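# here is the input, now give the coordinates:
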Amino acid sequence: MRSINEIPIHVLSPDQMLTGQAEAVLSEIADLLARLLETGEEGSIDLRSLPLSPADRDWLDGKLGRGEVEIALEAGGRSTLYETAYAGVWKVTHRDTEERVVSEFIEVSHVPAIVKPAGADIENAHERLQSDLKQITQEGNER
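Numbering: from 1, shown residues only. Below you'll find the model as predicted:
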């Protein structure tokens, strides 16, 4: 029989411990994905507002995996968006100009909100394209 002193003990720091929060987040993502399918309603989870340990974050990232689509934006800092291995589930991270993470979300949507152009931008693009087409037509007629 082994002595109690022979039993190996491994002490984990709080950063290395899973809290159970990541599993709850994964369940919420499944609910949001069901809602997207059933009603078209999009949703998001603010990961920075949750008491996730670094181990929780790593566990969640490992469970979600990475899909084929990745987007990088530069607008007042770098934003990275990637679709996870689950279509419609996006990991969105915004950084400031010093590369510090300022927000981190899971978005459940067809396309992340930051990528969708505003209606006014689309209207402006249409007007510019119409103007460019008129100019091309005029140039073609002058030849």
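# list phi and psi for Asp96.
phi -90, psi -180 (degrees, to the nearest 10).
# what's near enough to touch it?
The neighbours of Asp96, taking CB atoms under 8 Å, 6 or more residues apart in numbering as the test, are 76-77, 102. In this view, the C-beta of every residue, glycine as well, is placed from N, C-alpha and C.
# next one: Phe105
44-47, 91-93.
# may I see the ChimeraX selection of the buried members of the residues you listed?
One line in ChimeraX is enough to select the buried ones among those; burial here means 16 or more other CB atoms under 10 Å:
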select :47,91,92,93
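# next step: the contacts of Phe105 restricted to helices.
Per DSSP state H, helices hold no members of those.
# sorry, back to before: among the contacts of Asp96, which ones are buried?
The neighbour-count test (16+ other CB under 10 Å) marks none of the contacts of Asp96 as buried.
# so which of the residues you listed are in strands?
Taking DSSP state E, the ones among the contacts of Asp96 that sit in strands are Val102.
# domain-wise, how is the chain divided?
11-111, 112-143 (automatic domain parsing).
# could those domains go into TSV alongside mean pLDDT?
Conversion of the domains of the chain to TSV gives the following (pLDDT from 0 to 100):
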stretch	mean pLDDT
domain 11-111	92
domain 112-143	85
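# switch those over to JSON lines; also include distance to Ser3.
Below are those laid out as JSON lines (distance: least, CB to CB, whole Å):
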{"stretch": "domain 11-111", "distance to Ser3": "19"}
{"stretch": "domain 112-143", "distance to Ser3": "57"}
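# and these, which is most packed in?
domain 11-111 (a mean of 15; mean count of other CB atoms under 10 Å).
# chain center to that one, what's the gap?
5 Å (CA atoms, centre = their mean, to the nearest Å).
# same question, stretch 101-112
A distance of 3 Å separates the centroid of the chain from that of stretch 101-112, by CA atoms, centre = their mean.
# CA atoms only: put it into CSV for me.
Output of stretch 101-112 as CSV, limited to C-alpha atoms (Å, rounded to 0.1, in the frame of the first residue of the first chain):
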residue,chain,number,x,y,z
VAL,A,101,-7.9,43.5,-27.0
VAL,A,102,-10.8,45.9,-26.3
SER,A,103,-13.7,43.6,-27.1
GLU,A,104,-14.2,40.0,-28.0
PHE,A,105,-17.5,38.4,-29.1
ILE,A,106,-19.0,35.3,-30.5
GLU,A,107,-21.5,36.4,-33.2
VAL,A,108,-24.0,34.0,-34.5
SER,A,109,-25.1,35.3,-37.9
HIS,A,110,-24.8,34.8,-41.6
VAL,A,111,-22.2,37.6,-41.7
PRO,A,112,-20.8,39.6,-38.8
